[in-house]
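Chemist: Sequence first, then the predicted structure:
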Amino acid sequence: MTESKRLPVSMAVITIAAVVIALAGIKQMSGILAPTLLALFMVILFRPLAVALERRGWPKAVTMIITLVLVYGVLIGMGLAVYLSITQFAATLIDNPDKFNDLIASGTQLLAQLGIQSPDISSVTSLVSPSRIASVATSLVSASAAVAGALALIFALAFFMAMDAVNFSGRLRIVTRFRPDMAKALVGLGKSTRSYFAVAATFGGIVAVVDWILLTIVGVPDAWLWAILAFVTNFIPNIGFLIGVIPPAILALLTIDWQAALIVFLGYCVINVIIQVLIQPRVVGDTVQLNTTLTFLALIVWTFVLGGLGAILAIPMTLLVRALFIDSRAEHRWVRVLFSSADGPKPKNVTPPASTAKPTGPAASSSAQEQPPTPAVP
């Protein structure tokens with residue numbers, strides 16, 4: 001009895017230690033793994049289109065080229081949007097140093113009236129000085145060489161993955177013969193990944209249009225650019241809009257007035273909190289069966305482990321882990337139900353397990369009356 005109680009505890013400790021070691025190893029190799037995973041999920045995203053074209057008689061080489069064009073187009077478009085946002089933001093800060101200094105002076109005076117000591121004010125103003133912010137933005141722009149290198153790696157990986165994906169359906173049929181649960185889990189991973197990106201893109205488009213209307217009405221320069229940035233940051237779960245609101249709010253403060261900046265900030269909060277924080281996580285949870293708590297924890301963990309790309313890959317990575325370690329093993333599928341949204345997936349044609357020993361005669365009727373009915377598996 002003592003050994004049977006110790007075994008689950010020891011297995012839990014070993015499992016936790018293994019997870020920590022694995023995450024530490026992934027973090028050390030994040031520079032390679034993050035681009036690899038991004039390329040993998042991009043190929044998964046567009047693979048059904050290639051399959052549909054192949055069924056219509058299109059050559060596999062042509063479908064592979066179409067997949068690569070779509071993958072490269074999405075990556076270049078998102079990277080270019082972020083690059084233009086950073087450069088435009090830095091240029092506006094550099095072009096308006098006097099107004100920025102006036103705002104800092106007004107803020108310093110207000111803090112002094114509230115009783116905050118001068119050394120504390122100096123430390124704060126040194127962090128938000130225009131030269132400091134402009135230098136940070138400039139350093140981000142100067143890192144474009146490293147970003148270009150990462151994109152080159154992603155492009156190369158996507159090319160080879162698209163080539164291998166041409167014959168993936170045949171290999172998957174072979175896997176189904178030996179490991180049907182694993183094959184089913186991989187198919188489910190593809191469907192869940194595409195469903196997540198479809199939901200995120202749909203809500204990102206809605207957020208981008210509404211934000212563009214708001215910024216245009218207020219008169220913020222380059223409203224279209226910040227709308228595209230809002231679309232890109234929508235792929236960061238829960239907190240992406242906080243990243244997207246900073247540039248247009250500061251630009252409204254510098255180029256218009258503080259009332260315009262307040263309208264932009266409050267407008268983003270209302271629009272994005274309703275759409276991205278309240279509605280979208282619920283739809284994502286119902287689509288891929290992940291609750292909001294697990295989604296937020298996934299964002300923190302994968303951003304810490306994989307860096308900036310981990311924020312975008314948080315949900316797909318969680319789906320990948322679930323497919324490999326939970327969906328592929330029948331005895332672990334209760335974990336999926338535990339962390340699903342709402343009541344989890346509904347059971348389908350569940351048959352209660354048969355009893356190993358069935359009483360006969362009068363004992364059967366008495367035991368049937370005494371024993372409660374077997375509950376349905378969730």
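Modeler: Cool, got the structure. Keep in mind that this is a model prediction, so the values were computed, not measured.

Chemist: and residue 332, how many neighbours does it have?
Modeler: For residue 332, the number of neighbouring residues by other Cβ atoms under 10 Å comes to 12. C-beta coordinates here come from the backbone N, C-alpha and C atoms, glycine included.

Chemist: wait, I meant residue 331
Modeler: 7.

Chemist: go on, residue 81?
Modeler: 19.

Chemist: tell me which element it is part of?
Modeler: Secondary structure from DSSP states H and E places residue 81 in helix 60-95.

Chemist: for that helix, what is the average pLDDT?
Modeler: When pLDDT is averaged over helix 60-95, the result is 85.

Chemist: Which elements pack onto that helix?
Modeler: helix 30-55, helix 130-142, helix 144-165, helix 223-233, helix 240-255 (3 or more Cβ pairs under 8 Å, 6 or more residues apart in numbering; DSSP states H and E).

Chemist: do you know which of these lies nearest residue 324?
Modeler: Of all the helices and strands packed on helix 60-95, helix 30-55 sits nearest to residue 324, with 12.9 Å by Cβ to Cβ.

Chemist: Okay, buried residues for that closest one please.
Modeler: By neighbour count on 16 or more other Cβ atoms under 10 Å, the buried set for helix 30-55 is 30, 33-35, 37-47, 50, 53-54.

Chemist: go on, stretch 188-200?
Modeler: Going by neighbour count (16+ other Cβ under 10 Å), the buried part of stretch 188-200 is 188-190, 192-197, 199-200.

Chemist: what's the most distant pair in those?
Modeler: The largest separation in the buried residues of stretch 188-200, counting by Cβ to Cβ, is between 188 and 200 at 18.3 Å.

Chemist: what about residue 180, how many neighbours?
Modeler: 11.

Chemist: what's the answer for residue 61, then?
Modeler: Residue 61 is surrounded by 10 other residues when neighbours are defined as other Cβ under 10 Å.

Chemist: Is there a neighbour count for the residue nearest to residue 183 when sequence neighbours are not counted? I'd like the number.
Modeler: Closest residue to residue 183 apart from its sequence neighbours, by Cβ to Cβ, 6 or more residues apart in numbering: residue 176 at 4.0 Å. By other Cβ under 10 Å, 15 other residues sit near residue 176.

Chemist: Over to residue 274?
Modeler: Neighbours around residue 274, by other Cβ under 10 Å: 13.

Chemist: do the one 5 residues further on as well
Modeler: Other residues within reach of residue 279, judged by other Cβ under 10 Å, total 13.

Chemist: Next: the one 3 residues further on.
Modeler: When neighbours are defined as other Cβ under 10 Å, residue 282 has 14 of them.

Chemist: For it, report the pLDDT, please.
Modeler: Looking at residue 282, its pLDDT stands at 77.

Chemist: From the contact counts, what lies against whichever helix or strand it is part of?
Modeler: Residue 282 is located in helix 280-288, with elements delineated by DSSP H and E. If you count contacts as 3+ Cβ pairs under 8 Å, 6+ apart, helix 280-288 packs onto helix 180-218, helix 292-306, helix 314-322.

Chemist: and the helix or strand just after the shortest one, which residues are buried?
Modeler: Towards the C-terminus, the helix or strand next in line after helix 314-322, according to DSSP H and E, is helix 333-338. Of the residues in helix 333-338, 333, 336 count as buried by neighbour count, 16+ other Cβ under 10 Å.

Chemist: quick check, distance from helix 333-338 to the centre of its chain.
Modeler: Helix 333-338 sits 21 Å away from the centroid of its parent chain (Cα atoms, centre = their mean, to the nearest Å).

Chemist: Stretch 329-341 too?
Modeler: With Cα atoms, centre = their mean, you get 21 Å for stretch 329-341.

Chemist: returning to what we had before: which stretch in the helices and strands packed on helix 280-288 is the model least sure about?
Modeler: Lowest mean pLDDT of the helices and strands packed on helix 280-288: helix 292-306, a mean of 87.

Chemist: Wait, residue 74 touches residue 43, no?
Modeler: No. Here residue 74 lies out of contact with residue 43, judged by Cβ atoms under 8 Å, at a distance of 11.2 Å.
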